[in-house]
Each structure stands twice: as C-alpha cells, then as structure tokens.
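Trainee: give me a model of this one.
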Amino acid sequence: MTTVPSQATAGTDGVGPLLRAWREQRRVSQLELALRADSSARHISFIETGRSRPSEEMVLRLAEELDVPMRERNALLLAAGYAPRFPHTPLDDPALDALRDGIERLISGFEPYPALVVNAMYDVVAANRGVMMLFDGVPESLLTPPLNAVRLTLHPQGLAPRILNLREWRGHLLEQMRRDIALRRSEPLRALYEEVAAFPVPDTGERRPEEQDAPVAYFALPMVIEHEGRRLSFVSSISTFNTPMDVTVAELAVETLLPADPATAKYLQSWLS
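Mentor: Below you'll find the predicted structure:
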C-alpha cells in the first residue's frame with residue numbers, strides 16, 4: 001500500500017513527493033494525470049522530482065484531478081510554498097450559523113425517522129429525536145461528547161447487542177471506514193478503525209433469513225435492530241455538501257435511516273406522534 005506523507009513532513013519534503021504519493025494511491029500514471037490536467041507527462045515528472053515548482057493553480061488542478069480531500073489540498077499548497085486556500089472554520093463559529101440552522105431544520109424535518117450529521121471522524125455533531133430514541137438505554141459513558149457514531153454502534157455496551165444482523169452491519173461499517181482511510185489517509189481515523197475492529201462481537205442470536213417469521217425482500221442491506229421488544233429495520237443513506245469551500249463543511253455527512261419495511265415506518269410514526 002502506498003503511504004501518503006503526512007502534513008508534518010509536507011514542508012520539508014516539498015510538494016513533489018506528496019503529489020506522487022497521491023497519484024500512486026489513485027493508481028493514475030503521469031501521462032494520464034497530465035492529460036486530465038492539460039499538462040505534459042514531462043512537467044508532471046519534473047514537479048514530482050522537485051525539478052520544477054508548480055504554480056498555485058497547477059497544485060489545485062492536480063489535487064482536483066486526484067480527488068485529494070480539501071484538508072490535504074491545503075497541505076499540498078503549504079508544501080509548494082503557498083498559503084492555504086480553504087478555511088477550516090469551527091462549526092460553532094458565527095460564520096456558520098446559517099449552516100447549523102439548515103442542518104437542524106433538515107434533520108428535524110426528517111422526523112419521525114432517524115437522521116444525524118457526522119464529521120470526518122464519525123463524531124456526531126447533530127442528531128434528531130429519532131436517533132436519540134435508538135440510543136435509549138445506552139450507558140452515559142458512551143454518550144459523553146464527542147459522541148462517536150461508529151464506536152457507539154459497535155461497542156459491546158452500545159447498540160451492538162441490539163443489532164440482530166450485527167456481523168453483516170459491522171462488516172459494512174468497517175468496509176466504509178477502510179474506504180475513507182484510503183481516501184483521506186488519516187491516522188486518527190485509522191486509530192479509530194483499529195479500536196472498533198477489535199471490539200468483541202456479541203452473540204445477538206441473529207437468525208438466517210429463511211428462519212425469520214416474515215422474510216422481507218430488502219432493496220439494500222438493512223440495519224435490523226431490537227427496540228423495546230420490537231424489530232426495526234432501516235437502510236442508510238449518506239449525503240454530503242456539494243462544492244464546499246471550507247474544510248469543516250467538506251467533511252460533514254448527513255446520514256438518514258429510512259424504514260426498510262412498513263412495520264418500522266408505522267412504529268416510528270406512532271412513537272413520535
């Protein structure tokens with residue numbers, strides 16, 4: 001696996017090794033990258049070996065073609081000797097008042113179905129009443145901010161014992177984290193992955209589909225969870241902000257849990273009515 005240099009080494013190693021590492025991570029040849037960026041393979045080679053210093057515009061163009069996360073685009077600019085282009089505004093900053101208000105309206109409007117907003121580390125920054133309903137009975141130690149959605153889901157004292165198809169859902173979450181690690185090359189995210197992957201898997205007594213009382217033809221992998229003696233099924237949808245110009249905004253994701261069967265929808269509607 002190609003290791004992308006960290007931000008800590010960006011200033012000493014220069015932008016060339018960073019760009020080469022991202023290009024190799026994305027499995028793109030110098031020629032292909034040159035064609036995408038309207039440049040030449042020779043120029044890309046010179047940039048990567050330090051023989052040529054790219055312009056600020058070229059750094060951003062190459063980062064765009066390599067799908068480099070916004071946080072790391074700032075690191076590339078710094079390594080090339082330029083100022084960071086994208087601000088990293090704290091979510092509680094007054095400048096993001098409109099964003100926070102929009103998020104709250106969005107997830108509140110999704111009720112009675114669960115919806116939450118997480119950052120790049122899967123920390124929950126907003127959640128509606130549908131989500132908090134699922135957290136009922138979880139120990140306070142796991143609900144202490146910053147509440148982490150993945151840790152809370154897979155922890156043996158969290159939601160894990162209640163998830164009836166835990167092995168499938170756990171596999172889905174861990175694979176999603178692996179994809180994010182490959183995209184972002186984040187050491188804190190890798191540490192979180194190693195932590196939650198090491199959690200013991202409780203025996204939830206899950207049954208094979210043919211053993212269930214009323215088999216359902218799901219249109220996506222559901223999370224099947226027990227809540228107050230009822231079997232609830234959800235499918236997850238994740239959305240991000242289009243064309244973000246701030247690192248904080250770029251790393252936010254809105255996750256909504258849609259009822260996967262009529263019984264779940266009916267129960268949620270009655271619970272929050």
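Trainee: show me where the stretch 51-200 of the chain has helices.
Mentor: 56-65, 70-79, 97-109, 129-134, 149-154, 166-184, 187-197 (DSSP state H, counting those that start in this stretch).
Trainee: out of the ones you listed, which gets nearest to Glu251?
Mentor: helix 70-79 (7.2 Å; C-beta to C-beta). The way it works is simple: take the backbone N, C-alpha and C, and place the C-beta from them, glycine included.
Trainee: by contact count, what packs against the closest one?
Mentor: Using 3 or more C-beta pairs under 8 Å, 6 or more residues apart in numbering; DSSP states H and E, the elements in contact with helix 70-79 are helix 10-13, helix 15-25, helix 56-65, helix 247-250.
Trainee: again, 10 Å this time
Mentor: Here helix 70-79 touches helix 10-13, helix 15-25, helix 56-65, helix 166-184, helix 247-250, going by 3 or more C-beta pairs under 10 Å, 6 or more residues apart in numbering; DSSP states H and E.
Trainee: so which of these is the most packed in?
Mentor: Stretch with highest mean neighbour count among the helices and strands packed on helix 70-79: helix 15-25 (a mean of 21; mean count of other C-beta atoms under 10 Å).
Trainee: buried ones in whichever helix or strand comes after that one?
Mentor: From helix 15-25 onward toward the C-terminus, using DSSP states H and E, the following helix or strand is helix 30-36. Across helix 30-36, burial judged by 16 or more other C-beta atoms under 10 Å covers Gln30, Leu33, Ala34.
Trainee: state the pLDDT value of the first one.
Mentor: The reference is to Gln30. Gln30 carries a pLDDT value of 97.
Trainee: surely it meets Ala41?
Mentor: Yes: counting by C-beta atoms under 10 Å, Ala41 is a contact partner of Gln30 at 4.6 Å.
Trainee: now for these two: what residues contact both?
Mentor: Among the neighbours of Gln30, none is also in contact with Ala41 (C-beta atoms under 10 Å, 6 or more residues apart in numbering).
Trainee: let me have the buried residues of helix 30-36 in TSV, adding distance to Leu183 as columns.
Mentor: Shown next, in TSV, are these (distance: C-beta to C-beta, whole Å):
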residue	distance to Leu183
Gln30	21
Leu33	17
Ala34	23
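Trainee: give me every residue that touches Gly86.
Mentor: Check again: residue 86 is Phe, not Gly. By C-beta under 10 Å, 6+ apart, Phe86 lies in contact with 60, 70-71, 73-74, 77, 244-250.
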